[in-house]
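A.B. asks: Here is a sequence with its predicted model. Questions after.
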Amino acid sequence: MIISGTQNAAPFALTALEARACAFALSNNEAPDALFCSPALWQAGAWQGLDLSYPRSDCRPLSIPDKLRGAVAIRRAEFLAGRLCAMLALEALSGKWEDIAVHTDRSPIWPAGFIGSISHTKSRAIALVASEAHYARLGVDLEAMMDEARAAPLARMIVEESEIALRPVDMPFAAFLTLIFSAKEAFYKAVYPQLRRFLGFHDVRLARLDHASLLLVPQAEKIPELAGSTFSLLWRFEDDHCLTVLAEPR
C-alpha cells in the first residue's frame with residue numbers, strides 16, 4: 001500500500017483542531033492487514049511514496065480490526081489510510097502516538113478529552129481531531145464526485161423536492177447531489193456519538209445553500225433529541241472530490 005500527497009493544514013482555515021489528509025493506492029493486488037512504519041518516519045515524511053504494507057524492523061504495525069479481515073482489499077486500505085490520518089492528527093494535539101480503538105459498530109474510540117471524525121474514498125483519506133474543550137461536535141466527509149448517470153437513480157433516496165429547489169442554477173445536478181449526500185454524511189458523523197443510532201437521509205433537510213456553506217435542519221419527528229437545532233457546514237469541491245465539514249465550537 002502506497003501513501004502520498006499528505007496535507008497537514010486544517011480545511012477552511014478552522015482553528016483549534018488538527019487535520020491530516022493523504023492520497024493512497026494499492027500495490028501488487030494486495031489485501032493489506034497493516035501499515036508498517038515508525039512515528040518518526042511518519043512525521044519526517046520519509047515514507048511518502050513507499051510501499052508500507054510489509055514489515056519493517058523499526059516499527060510497530062497499524063492493523064485493521066478483526067471484523068475487517070475478511071473485507072476486500074480496497075476496504076482494508078481505506079481503513080488503514082483513515083486511521084493513519086487520525087493518529088497523526090491526534091499525535092499533533094496530544095503529543096502521543098497511540099492507537100485508536102474501534103467500537104463494535106466500527107466507529108472510532110477517541111481518547112478521553114478528544115473528539116474526531118474520519119472519512120475516505122477509494123483514493124483519499126482525511127481526519128479531523130480536536131479537544132472536547134474547544135469543539136462539541138466534529139463531522140467530516142469526503143466523496144468522489146458522482147456522474148449524472150449515477151446521480152439520477154439515487155436522487156430520491158438522498159433529497160426531497162424542496163431541497164432540489166435550492167440547487168444553484170450553475171451547479172450540475174450530479175455535483176449538487178454529491179454535495180448534499182456528503183453534507184448529510186458529515187452531519188450524521190457529528191451527531192452519532194450523541195444519538196448512537198443510524199439515521200436516514202430524509203431525517204435532516206437542506207434549508208440553505210451558498211457558495212461555501214449550507215444549513216441542515218433535523219426533522220423533529222425523526223430526531224427529537226435535536227428538535228429546534230440547525231447545523232451549519234462548510235463545503236468545497238476540490239479536483240474530483242467534495243469535502244464537507246461540520247465543526248461546532250463550544
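C.D. replies: The structure has been received and is ready for your questions.
A.B. asks: Name the nearest residue to residue 174, ignoring sequence neighbours.
C.D. replies: Excluding the flanking residues, the one nearest residue 174 by Cβ to Cβ, 6 or more residues apart in numbering is residue 151, at 3.9 Å. In this view, the C-beta of every residue, glycine as well, is placed from N, C-alpha and C.
A.B. asks: Give the burial count for that neighbour, as a bare number.
C.D. replies: When neighbours are defined as other Cβ atoms under 10 Å, residue 151 has 19 of them.
A.B. asks: do the same with residue 207
C.D. replies: Neighbours of residue 207 (other Cβ under 10 Å): 14.
A.B. asks: Just name the shakiest helix or strand of this protein by mean pLDDT.
C.D. replies: Every helix and strand in the chain was compared by mean pLDDT, DSSP states H and E; the lowest is helix 39-44, with a mean of 77.
A.B. asks: Check which helix or strand the residue nearest to residue 174 maps to.
C.D. replies: Residue 151 belongs to helix 148-158 when assigned by DSSP states H and E.
A.B. asks: Output that helix in PDB, but only the C-alpha positions, please.
C.D. replies: Taking C-alpha atoms only, helix 148-158 is exported to PDB below (Å, rounded to 0.1, in the frame of the first residue of the first chain):
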ATOM      1  CA  GLU A 148     -25.100  12.200 -13.900                       C
ATOM      2  CA  ALA A 149     -25.800   8.500 -14.700                       C
ATOM      3  CA  ARG A 150     -25.200   7.500 -11.100                       C
ATOM      4  CA  ALA A 151     -26.900  10.600  -9.600                       C
ATOM      5  CA  ALA A 152     -30.300  10.200 -11.200                       C
ATOM      6  CA  PRO A 153     -31.300   6.900  -9.600                       C
ATOM      7  CA  LEU A 154     -30.000   7.900  -6.200                       C
ATOM      8  CA  ALA A 155     -31.800  11.300  -6.000                       C
ATOM      9  CA  ARG A 156     -35.000  10.200  -4.300                       C
ATOM     10  CA  MET A 157     -33.100   8.300  -1.600                       C
ATOM     11  CA  ILE A 158     -31.000  11.400  -0.700                       C
END
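A.B. asks: what's the spacing between the one residue sitting closest to the centre of the chain and residue 13?
C.D. replies: In the chain, the C-alpha nearest the mean C-alpha coordinate belongs to residue 119, at 2.0 Å (Cα atoms, centre = their mean). Using Cβ to Cβ, to the nearest Å, residue 119 is found at 19 Å from residue 13.
A.B. asks: Could you do residue 215 as well?
C.D. replies: 20 Å.
A.B. asks: Which parts of the helix holding residue 151 count as buried, going by neighbours?
C.D. replies: Within helix 148-158, the residues that count as buried by 16 or more other Cβ atoms under 10 Å are 151, 155, 158.
A.B. asks: Run through who's touching the helix or strand following that helix.
C.D. replies: Downstream of helix 148-158, the first helix or strand assigned by DSSP H and E is helix 161-164. Residues from elsewhere that reach helix 161-164, judged by Cβ atoms under 8 Å, 6 or more residues apart in numbering: 155, 176, 180, 205, 206.
A.B. asks: Ramachandran coordinates for the third one?
C.D. replies: Just to be clear, that refers to residue 180. Main-chain torsions, residue 180, degrees, to the nearest 10: phi -70, psi -40.
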